[in-house]
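Asker: take a look and give me a structure for this.
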Amino acid sequence: MTRIGVIGAGRMGRPMVRRLAEAGHEVRVLGRSAEARDALGREPARVVSETEDVGEGADAVLICVHTDDQVREVCLDSRLLAAMPSGAVLVVHTTGSPHTVEAIAARGASRGIEVIDAPVSGGPPDVEAGRVTLFVGGADDTVTRVRPLLRSYGDPVLHIGPLGSGQRAKLVNNAVFAAQIGLLSHAARLGRQLGVDETVLLTALTHGSAASRALAGVVRRGSVTEFARATAEFLGKDLDVVRTVAGELGGVLGVLAPALDALSEATAPTHAGDATAPTSAGDATAPTRRRDATAPTPAGPPTGAGRTATQTREKGTTNGTS
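Answerer: Model (predicted):
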């Protein structure tokens with residue numbers, strides 16, 4: 001039996017708690033408010049109210065909060081690392097900047113605490129079934145040591161490279177996913193211009209070579225616009241990080257940039273008579289706003305930035321699409 005701490009037991013973290021308990025691990029989970037502790041009391045875990053209680057005596061602590069800022073607050077502005085024993089491993093599941101996990105690792109090194117980044121791709125049903133994808137960055141021996149733990153709920157567990165590599169891979173993954181949604185908004189508009197109903201067209205495409213996870217999510221929601229809006233929060237915050245990290249490391253988004261612009265347009269409200277709005281069903285003649293692919297990339301959909309650790313939301317996705 002291994003003692004595991006979990007911070008961020010929401011839509012994604014809570015099924016992780018269950019899978020860990022089913023695998024025979026002793027689990028401690030953070031519940032800051034009385035309401036949260038009451039809800040978590042029904043889970044197979046010991047509920048504690050302080051961050052340091054999660055880390056005390058833990059073999060590993062999983063961080064599954066909503067934003068990169070919350071990861072920094074939980075790991076760098078609390079007593080979590082001070083409470084964790086030497087040799088323990090901190091696993092960051094939240095998608096965010098690779099610089100954040102590097103800063104945490106630098107802080108933890110003096111205490112003998114190892115850190116890996118393991119952002120997830122999938123949704124709560126995937127965690128429950130033990131098949132959520134994990135993009136892992138970290139030292140070979142550390143990843144090998146925690147792999148059996150991660151396999152409690154993750155499959156595949158993909159070791160991408162050294163610390164921060166998991167975040168880099170996940171950010172590219174989400175950029176491609178978001179770009180696919182943007183491209184689908186243009187595909188749906190083209191279909192309308194050719195006289196094909198959007199719902200009929202998109203459902204048909206799931207049976208062709210254009211099929212993708214993004215397309216499947218769009219079909220479940222009924223339209224590109226509805227799916228884009230449903231995923232706007234988590235994709236928005238991740239795309240902000242993509243743009244920042246790409247700029248810092250000299251990366252170029254290339255043709256991803258206009259596709260991401262198309263995603264932003266897909267989430268924008270449509271107003272009758274607005275010539276720049278996405279084409280409405282049946283209107284094959286409405287002009288479409290175009291953007292120079294070399295223009296600076298605008299801010300993405302609304303983000304979840306600004307929350308504090310005491311307002312920590314769960315790490316979550318929509319319909320298993322991250």
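Asker: in the stretch 101-250 of the chain, which spans are helices?
Answerer: Taking DSSP state H, counting those that start in this stretch to define them, one finds helices in the stretch 101-250 of the chain at 124-129, 140-150, 165-193, 198-205, 213-221, 224-249.
Asker: just how off-centre is the fifth one within its chain?
Answerer: Here the centre of helix 213-221 is set off from its chain's centre by 17 Å, with C-alpha atoms, centre = their mean, to the nearest Å.
Asker: could you pull up the mean pLDDT of it?
Answerer: Regarding helix 213-221, the rounded mean pLDDT is 96.
Asker: list the buried ones in it?
Answerer: Buried residues in helix 213-221, counted by 16 or more other C-beta atoms under 10 Å: A214, L215, A216, G217, V218, V219, R221. (Glycine included, C-beta is placed from N, CA and C.)
Asker: shouldn't the fourth one be in contact with R229?
Answerer: So the one you mean is G217. No: with contact defined as C-beta atoms under 8 Å, G217 does not count as touching R229 (12.0 Å).
Asker: for V65, see how far away the nearest residue to A210 once chain neighbours are set aside is.
Answerer: The spatially closest residue to A210, leaving aside those adjacent along the chain, is A187, at 7.8 Å (C-beta to C-beta, 6 or more residues apart in numbering). Look at A187 and V65: by C-beta to C-beta, to the nearest Å, they are 35 Å apart.
Asker: rewinding a little: format the buried residues of helix 213-221 as CSV; extra columns: distance to V6.
Answerer: Formatted as CSV, the buried residues of helix 213-221 follow (distance: C-beta to C-beta, whole Å):
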residue, distance to V6
A214, 29
L215, 33
A216, 29
G217, 27
V218, 32
V219, 33
R221, 30
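Asker: can you tell me which of those residues is closest to V74?
Answerer: Ranked by distance to V74 (C-beta to C-beta), the buried residues of helix 213-221 are led by G217 at 29.5 Å.
Asker: looking at A187 and V65 now, which is surrounded by more residues?
Answerer: Legend: neighbour count by other C-beta atoms under 10 Å for A187 and V65, higher for V65 (29 against 19).
Asker: ok, what's across the strand from the more buried one?
Answerer: Listed by DSSP bridges, the beta-bridge partners for V65 are E314.
Asker: isn't it right up against A9?
Answerer: No: with contact defined as C-beta under 8 Å, V65 does not reach A9; the gap is 9.9 Å.
Asker: lovely, talk soon.
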